[in-house]
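S.K.: sequence and computational prediction follow.
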Amino acid sequence: MHQGGILIRIVALLVCSVVVVNHPVIAEAPAAAEPPLEEVLVVGEQPGPAMWRVTKGDHALWILATLEPLPRDMVWHSKSVDERIAASQLVLSPPELSAHVGFFRSMTLVPSLLRARHAPNGQTLEQSVPHDLYMRWLALRVKYLGHADDEKLRPLLAAANLYQRAINQVGLTHDSHVWQRIEATARAKHVPVQPVSLEVPIDNPKQYVRDLSAIPSAGEIDCLRSTVGLLETQLPIMRKRANLWATGDVEQLRNLLRPEAVETCAGAVLVVPSFQEEYTKVNAQLQAAWLAAAEKAIAANVSTVAVLSMPELVKPDGWLAMFRARGYEITEP
């Protein structure tokens with residue numbers, strides 16, 4: 001998972017549903033004609049990249065590395081992955097986090113969540129961010145959000161909303177269904193699927209909301225600035241990267257894996273001590289749980305298939321590095 005991804009999911013469970021429910025989608029004005037982006041997104045059925053192999057003796061863990069975002073109109077299907085699943089004894093899910101808040105308790109949070117969507121001092125976005133940044137955001141808002149009114153959102157949520165609508169408009173999506181396709185194939189082939197998840201009970205959800213309001217404004221402004229910069233300059237690269245994944249070009253793709261605005265936005269949240277503490281604890285627990293499950297699977301099975309995030313797989317201290325440190329042999333695709 002991306003740094004801060006666990007924490008963002010916890011906060012998102014408390015906030016994003018309210019943002020979606022209470023933020024109406026308004027018809028967008030037709031965009032002015034402009035030069036097309038450099039990359040034309042692939043469509044139709046695509047195989048994705050070949051798989052990494054982690055081995056000890058004659059037992060292997062085959063890893064399909066996923067990427068986000070991917071082409072929205074891509075139908076992912078890989079005959080070689082299907083065959084590998086059919087020849088395996090287990091499919092291991094990606095590490096997942098769930099946060100539990102009781103239904104009735106969550107309903108009592110709605111008024112607080114609505115307030116947490118806005119800057120604590122009640123300022124509009126124009127009043128709370130530097131003028132040059134506001135004008136850059138405004139140009140992108142017109143382009144990707146039409147007449148939607150995000151003026152009262154705090155910068156962190158305005159950045160998230162703008163990013164989501166922008167990538168959708170250029171044909172990308174974070175909902176690629178790759179894991180769902182893997183899981184369905186495993187069940188069709190009668191191969192067991194082992195989930196690896198960690199449930200985080202939120203004992204004091206109102207405190208989470210209060211902590212959300214404690215995020216420093218400077219960090220939220222940095223988050224918005226990074227998001228605006230990404231959308232101004234990096235969308236063609238994001239599209240190219242999505243194409244490279246879809247067509248299986250791992251060699252070129254490696255050169256385009258880089259931290260993005262989500263790192264800055266996660267950092268803004270992690271400044272709050274309680275969030276930093278929660279992230280450190282939960283991230284370590286989830287990482288240890290997945291590694292333990294993977295090592296147990298390798299020991300017990302001749303062949304196991306797993307799905308992991310490509311940036312987290314190949315980074316210097318990522319999953320592959322952890323396997324190497326434990327004496328496993330790695331075969332690159």
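M.R.: Structure's in. What do you need? Numbering: from 1, shown residues only.
S.K.: longest strand in the chain, please.
M.R.: Longest strand in the chain by number of residues, with DSSP state E as the criterion: strand 90-100.
S.K.: buried ones in it?
M.R.: Burial within strand 90-100, assessed by neighbour count using 16 or more other CB atoms under 10 Å, is assigned to Leu90, Val91, Leu92, Ser93, Pro94, Pro95, Glu96, Leu97, Ala99. All C-beta atoms are positioned from the backbone trio N, CA, C, and that covers glycine.
S.K.: now, among the residues you listed, which is nearest to Ser217?
M.R.: Taking CB to CB as the measure, Ser217 sits nearest to Ala99 out of these, at 25.5 Å.
S.K.: between the buried residues of strand 90-100, which is closest to Ala184?
M.R.: Within the set of those, Val91 lies nearest Ala184; the separation is 10.6 Å, counting by CB to CB.
S.K.: what sits against the residue lying closest to that closest one once chain neighbours are set aside?
M.R.: Closest residue to Val91 apart from its sequence neighbours, by CB to CB, 6 or more residues apart in numbering: Ala186 at 4.2 Å. The neighbourhood of Ala186, defined by CB atoms under 8 Å, 6 or more residues apart in numbering, consists of Ile85, Val91, Pro192, Val193, Val305.
S.K.: how near is Ala186 to Gln180?
M.R.: 11 Å (CB to CB, to the nearest Å).
S.K.: each with direction, which strands does the longest strand of the chain pair with?
M.R.: strand 193-201 (parallel), strand 303-309 (parallel) (DSSP bridges).
S.K.: dump those strands to JSON lines, plus mean neighbour count and distance to Leu230.
M.R.: Formatted as JSON lines, those follow (neighbours: other CB atoms under 10 Å; distance: least, CB to CB, whole Å):
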{"stretch": "strand 193-201", "mean neighbour count": "15", "distance to Leu230": "29"}
{"stretch": "strand 303-309", "mean neighbour count": "24", "distance to Leu230": "18"}
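S.K.: of all those, which one is nearest Asn168?
M.R.: Comparison of the strands paired with strand 90-100 against Asn168 by CB to CB identifies strand 303-309 as nearest, at 20.4 Å.
S.K.: ok, back up a step: kindly indicate which of the buried residues of strand 90-100 lies nearest Ala289.
M.R.: Pro95 (7.0 Å).
S.K.: and the spatially closest residue to that closest one that is not a sequence neighbour, what are its phi and psi?
M.R.: The shortest distance from Pro95 to any residue other than its chain neighbours is 4.2 Å, reached at Trp290 (CB to CB, 6+ apart). Backbone torsions for Trp290, taken as degrees, to the nearest 10, come to phi -70, psi -40.
S.K.: with Pro316 instead?
M.R.: Backbone torsions for Pro316, taken as degrees, to the nearest 10, come to phi -50, psi -40.
S.K.: got a pLDDT number for it?
M.R.: For Pro316, the pLDDT comes out at 90.
S.K.: okay, now it: neighbour count?
M.R.: Burial of Pro316 is recorded as 6 neighbouring residues (other CB atoms under 10 Å).
S.K.: for Ala321, same thing?
M.R.: Neighbour number of Ala321 under other CB under 10 Å is 14.
S.K.: residues contacting it?
M.R.: Contact analysis of Ala321 by CB under 8 Å, 6+ apart lists Lys315.
S.K.: just the CA atoms of whichever helix or strand it is part of, as CSV, please.
M.R.: Element membership of Ala321 [criterion: DSSP states H and E] is helix 319-325. Only the C-alpha atoms of helix 319-325 are listed here, as CSV (Å, rounded to 0.1, in the frame of the first residue of the first chain):
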residue,chain,number,x,y,z
TRP,A,319,7.9,-6.6,-0.7
LEU,A,320,10.6,-8.1,-3.0
ALA,A,321,13.3,-6.6,-0.8
MET,A,322,11.7,-8.3,2.2
PHE,A,323,11.6,-11.6,0.5
ARG,A,324,15.3,-11.3,-0.5
ALA,A,325,16.2,-10.5,3.0
